[in-house]
Every structure is written in C-alpha cells, then in structure tokens.
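Colleague: Everything below, folded, please.
(2 chains)
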Amino acid sequence: MAKWEMMTGNKAAAVGAKLARVQVIPAYPITPQTTIVEYLSKFVEQGELKAEFIRVESEHSAMAACIGAAAGGARAFTATSSHGLLLMTEMVFWAAGARLPIGMAVVNRALAPPWNIHVEHTDSHSQRDSGFIQFYAKDNQEVLDTIILMYKVAEDERVLLPAMICLDGFILSHTYMPVEIPDQEDVDLFLPPYEPKGFLLDPEEPLTYGSLTLPEHYMEMRYDIQRSIESARDLILKYSKEYEEIFGRYHGGLLELYKVEDADYLLISMGTLGEEAKVAADTLRREGIKAGAVRVRVFRPFPTETFVNTVSEKKALIVVERHLSLGGIGGALGTELKALLYGKTDVPIFNYVTGLGGRDTTYIDLAKIVKHSIKTGRPKDNYMWYNLKMG
Amino acid sequence: MEMADFFHIMPVSKPSVGAVGKTGTWRVFKPIIDHEKCTRCGLCWIYCPDESIELKEDDTPKINYDFCKGCGICSDVCPVKAIKMEAEEIG
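Modeller: Model (predicted):
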C-alpha cells in the first residue's frame, strides 16, 4: 500500500529518485538543493538504495560523471541550484548533445551578486537552449511523481534526451507538505530498469564519442535533437495518462488548466505561482471577473498546439513570471508565448515580471495584476514590473 | 509516430583510420625519435592522443607521419628526452 508522509520538496525529490532506482548519483552541495543529495546519500549508506554515490569536486564534474554513467548504461541522477547549474552549463549541453537520458532536480534560486538564495527562474531558464526537457512543479507531490515520469519520457527511444524537474527554492524545497509515496512494485512496473537504446559504452565494441563533426553533418544532429524533444510532447501526455491510471494522479500533462473554459482572462505562470493563480482566479470570480489559470508544467518542449487552442479566444492573457531577460523584452515565458501566438490571434498579452530573488508573490498580488491589466486595456509596454520599490 | 519509422543520428561513430583525411598536413613541428637514446618504455605510445605511434614487436616506437599533427606530447613525456621537435619545412 502506498503511504503518506509529511515531507519537504527536497525529500520528495530524493524519494522520487530512489523509487526510480537511480544507479549513479554524482553530487555537489549547494543551497537550497543540498538536502536532496543528503537524503540520497543516507538512502545509499543505509542500504535502502543500491547506487553509487560519487562525491565530486564541482557541479561541472557532477554532470560529467552523470554523462559517463549514462553512457555506460546506468540511470544517473544529480541535483543542483543557481550558480551550481551555471558552473555545470557546459556539461548540461554536452549531456543533451550526447543523447543521454540523465535526470536532474534543479531547485530554482536567484543568481548573485547580490547574494540571494531564494526562488527565481533565471537559473533553469538559462539552460533552455540545451536540449534538456524541463518540467516545473507546483507542489511536492508533483516533484516526486515527475521524477519517475521524466525518466520514462527521457529514456523512450524516440526521445533519448536528459530531463530536469525544477522546483521553487524554499517555497517547495524546504516546505513540508503531505506526499503520497507510491509502492516500489508499482513504480517498477511503470519504469522498468534502464536499457540504453542509443549506444552503450563497451570496451568490447569501442565507439568514438562526440567526435569532430564538420559542417556537412552537424546540422542534422541538431535537427535530430529538435525532432526528438518535440516527440516528447505526445509522450509526456501519453505517459502522464498511464501514470494516472496506475497511481491516480495527473498534474496536467504540458499545461495545467484551471477554470479556463468560460474564462475571459487567463493568468499564465510557472511553478508555485501556478497554485497562487488558481486561488487568484477564484478570488476574482467572486468579484465578478471571469478569470482562469494556466500553469506551464513543461517549458521544454514548449507547449505549442495546446497553448494556441487554450488561449486564442480570450479577452487577455496575463503572464506573470519570476524571470527577466536582462536587456530583453520581458521574461522567457511572456516572450515565447508572444512569439508563438504572433499571427495566430489578436488576444492582448501582458507580461509582468515580479517575485525576483524570492520576493513574496501571493494570490492577492496576482488578482491585483489581473485588475491592472484590465484597466490598462491593451499592453503599452513590452513588459511591466510589479511590486518594485523604485522606478 | 511509428517506432519503425524512427531513427536517430547519434554523435557516435565506429573508429576508423583518418575519417577526416591525412591530418599530418596540419603539422608545424615534427617529432623525431633518437633510437639510440630510446629505452622502449612505451610512454609516447600511451600518451599519443591520435594513436599515431605504433610499437614494433621489440617495442621500438614508430611515428605515423600521415596522421601525426605534431602536438609534441610524446616529446614532452619522454623520460630520456629521445624525441625532439623540429620545425617542418614549408613548401
């Protein structure tokens, strides 16, 4: 029988990795991720998880070791945050280019200076061009479930790409919530042991890895990655449904929709803001404003058709995000949504940047933002700051 | 999407000799082995990043100048300084 436990998002990530029977865990500590790999280290030490725990000297080495492990046929897992992820960046791109289905938890945290350990999506958004599949979680249960699901998707022979689950620093990583722990036997049925389907590091059958590939072949390899990550859209939906049949939980495939059908205004966000957006929609509806909420659960591959079908007929889309491309024209989500919808619909798209460095952003703020956008009518600026103390 | 229709272009390849041609033409400095000094320890053979040194039956190293790019690692690791790097003649 599945059992319930009060646990943090970080423990949920560790338990998810344990249930996925990860075999190699190269890890380096960084706040707010550290307790994920501490829990895993404990599971290995206590004999609850049969895995190799490698104490590496940096995040760059952590992902490099994951690459070696995955090429050698092992299910590999690591976790990081913020500066750790940025130090790892070269190997993040390498992992995807090498077509290795590595799993990683990224606990979202702002970048320094000034030093800050609280949530912001700039760290994982900086890796959006890497070829990693990117999930963003709203609660601790989703963190656990998605780690099991992401290996299923990543290891599918149509995909063969690494995947990351992103969870908001402290809001999820260090907050206790009730989490249902599925039975190991059920997880084993859903996620069988990893069998490399691309190629295997084998001294008996030597291969050259990542060899020099000149202009006549390189583009086709990029095309293949794009085609493969795009095939993950259907597979995420398919496996999410299968997961629901076995475990009774569905977190929303690519987009989680809340009261969107009859809504005039849609709050569009990622991570825990998506939960606040649901409460904000209810709050606004009590005041006679028909609002709904769309939570982007998968940012890579970017939900395309689903998005277009969901949002095209609305009065306004209000994108609120904990990200700003410095020198750009807004946050990653707002910018990409505008690009996706260009020429397909005339619905006004508002982009609000807020909550940077972990500044508290609640349903009250989101309701205020929706009212502000209604008052504005059509967006005059590319994006707007919310809750800024200057400017 | 049918599985049978699906294939990948993977960044791996079966090792083959000189897939990008004879890289010896890239060489600016050429390693020359002094066989009188050579102790046949095999370090140059181990360290050569391009597998351009082979060992004969009596462990005497032989450089394949068709593919040696002249990186100089063999010269650097040789414990008895038996490999010197000489500038290639141009033209």
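
Colleague: From here on, just use CA atoms for contacts and neighbour counts.
Modeller: OK.

Colleague: A:V298 contacts A:Y136, doesn't it?
Modeller: Yes - when contacts are counted by Cα atoms under 8 Å, A:V298 is listed as touching A:Y136 (6.3 Å).

Colleague: Give me the more crowded residue out of those two.
Modeller: Between A:V298 and A:Y136, A:Y136 has the larger neighbour count (other Cα atoms under 10 Å in any protein chain shown), namely 29 against 23.

Colleague: residues in contact with that one?
Modeller: By Cα atoms under 8 Å, 6 or more residues apart in numbering or on different chains, the contact list for A:Y136 reads A:I165, A:C166, A:L167, A:M270, A:G271, A:V296, A:R297, A:V298, A:F299.

Colleague: rerun that using 6 Å as the cut-off
Modeller: A:I165, A:C166, A:G271, A:R297 (Cα atoms under 6 Å, 6 or more residues apart in numbering or on different chains).

Colleague: Now the phi/psi pair for the first one, please.
Modeller: Right, A:I165. Recorded main-chain torsions at A:I165 are phi -110, psi 120, according to degrees, to the nearest 10.

Colleague: Same question for the second one.
Modeller: Note on A:C166: backbone dihedrals following degrees, to the nearest 10 are phi -100, psi 130.

Colleague: who's it bridged to?
Modeller: A:V106, A:Y136 (DSSP bridges).

Colleague: Would you indicate which residues of stretch A:158-169 are buried?
Modeller: Neighbour-count burial for stretch A:158-169, counted by 16 or more other Cα atoms under 10 Å in any protein chain shown, picks out A:R158, A:V159, A:L160, A:L161, A:P162, A:A163, A:M164, A:I165, A:C166, A:L167, A:D168, A:G169.

Colleague: I'd like to know which of the contacts of A:Y136 is nearest to chain B.
Modeller: Nearest to chain B out of these is A:R297 (Cα to the nearest Cα; 23.5 Å).

Colleague: so can I have a markdown table of the contacts of A:Y136 showing pLDDT?
Modeller: Shown next, in a markdown table, are the contacts of A:Y136 (pLDDT from 0 to 100):
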| residue | pLDDT |
| --- | --- |
| A:I165 | 98 |
| A:C166 | 98 |
| A:G271 | 98 |
| A:R297 | 98 |
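
Colleague: Tabulate these (JSON lines), appending distance to B:Y47.
Modeller: Below are the contacts of A:Y136 laid out as JSON lines (distance: Cα to Cα, whole Å):
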{"residue": "A:I165", "distance to B:Y47": "41"}
{"residue": "A:C166", "distance to B:Y47": "42"}
{"residue": "A:G271", "distance to B:Y47": "49"}
{"residue": "A:R297", "distance to B:Y47": "48"}
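
Colleague: Show the average pLDDT along stretch A:239-251.
Modeller: Average pLDDT, stretch A:239-251: 98.

Colleague: Can I get the host helix or strand of B:S75 in PDB? Just the C-alpha atoms.
Modeller: Using DSSP states H and E, B:S75 sits within helix B:73-77. The C-alpha trace of helix B:73-77 is given here as PDB (Å, rounded to 0.1, in the frame of the first residue of the first chain):
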ATOM      1  CA  ILE B  73      53.100  15.400 -26.200                       C
ATOM      2  CA  CYS B  74      55.400  12.400 -27.000                       C
ATOM      3  CA  SER B  75      58.400  14.700 -26.800                       C
ATOM      4  CA  ASP B  76      57.200  16.100 -23.500                       C
ATOM      5  CA  VAL B  77      56.500  12.800 -21.800                       C
END
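
Colleague: Now that helix: buried residues?
Modeller: B:C74, B:S75, B:V77.

Colleague: Which helix or strand lies directly C-terminal to the strand or helix carrying A:L189?
Modeller: In the assignment (DSSP H and E), A:L189 maps to helix A:184-190. For helix A:184-190, the succeeding helix or strand toward the C-terminus, using DSSP H and E, is strand A:208-209.

Colleague: what's that next one packed up against?
Modeller: strand B:12-13 (3 or more Cα pairs under 6 Å, 6 or more residues apart in numbering or on different chains; DSSP states H and E).

Colleague: still on that earlier bit, list just the nearest of the buried residues of stretch A:158-169 to A:L366.
Modeller: A:D168 (17.4 Å; Cα to Cα).

Colleague: what's the spacing between the closest one and A:L257?
Modeller: 20 Å (Cα to Cα, to the nearest Å).

Colleague: what's the answer for A:A367, then?
Modeller: 17 Å.

Colleague: mind checking pLDDT for A:F199?
Modeller: For A:F199, the predicted pLDDT is 82.

Colleague: where exactly do the strands run in the stretch 151-300 of chain A?
Modeller: With strands called from DSSP state E, counting those that start in this stretch, the stretch 151-300 of chain A shows them at A:163-168, A:177-181, A:208-209, A:255-258, A:265-269, A:291-296, A:298-300.

Colleague: Which one of those strands has the poorest average confidence?
Modeller: strand A:208-209 (a mean of 85).

Colleague: Residues touching it, excluding its own?
Modeller: With contact meaning Cα under 6 Å, 6+ apart, strand A:208-209 is reached by B:V12, B:S13, B:K14, B:P15.

Colleague: List just the nearest of the residues you listed to A:K238.
Modeller: Looking across these and measuring by Cα to Cα, the closest to A:K238 is B:V12, at 29.7 Å.

Colleague: pLDDT score for whichever residue of the stretch 1-150 of chain A sits closest to chain B?
Modeller: Closest contact between the stretch 1-150 of chain A and chain B, by Cα to the nearest Cα, is at A:A98 (6.1 Å). A:A98 carries a pLDDT value of 95.

Colleague: tally of neighbours for it?
Modeller: By other Cα under 10 Å, 23 other residues sit near A:A98.

Colleague: How about A:H83?
Modeller: By the measure other Cα under 10 Å, the count of residues near A:H83 is 17.

Colleague: next one: A:D139
Modeller: Neighbour count for A:D139, taken as other Cα under 10 Å: 25.

Colleague: got it, and B:G70?
Modeller: Using other Cα under 10 Å, B:G70 has 23 other residues around it.

Colleague: center of chain B - which residue?
Modeller: When Cα atoms, centre = their mean is applied to chain B, the residue found nearest the centroid is B:S52 (2.6 Å).

Colleague: Touching, A:T272 and A:K138? I think so.
Modeller: Yes - counting by Cα atoms under 6 Å, A:T272 does reach A:K138; the two are 4.5 Å apart.

Colleague: where along chain B do the helices fall?
Modeller: B:43-47, B:73-77 (DSSP state H).

Colleague: Run through the residues of chain B sitting next to chain A.
Modeller: Residues of chain B lying near chain A by Cα under 6 Å from any Cα of the partner chain: B:I9, B:P11, B:V12, B:S13, B:K14, B:P15.

Colleague: Mind doing that once more with 8 Å?
Modeller: B:M3, B:F6, B:F7, B:H8, B:I9, B:M10, B:P11, B:V12, B:S13, B:K14, B:P15 (Cα under 8 Å from any Cα of the partner chain).

Colleague: now the helices: where do they sit in chain A?
Modeller: A:9-19, A:34-45, A:59-71, A:82-97, A:122-125, A:140-154, A:184-190, A:215-247, A:273-286, A:305-311, A:332-341, A:363-376.

Colleague: Out of those helices, the one nearest B:A87 is which?
Modeller: helix A:215-247 (30.9 Å).
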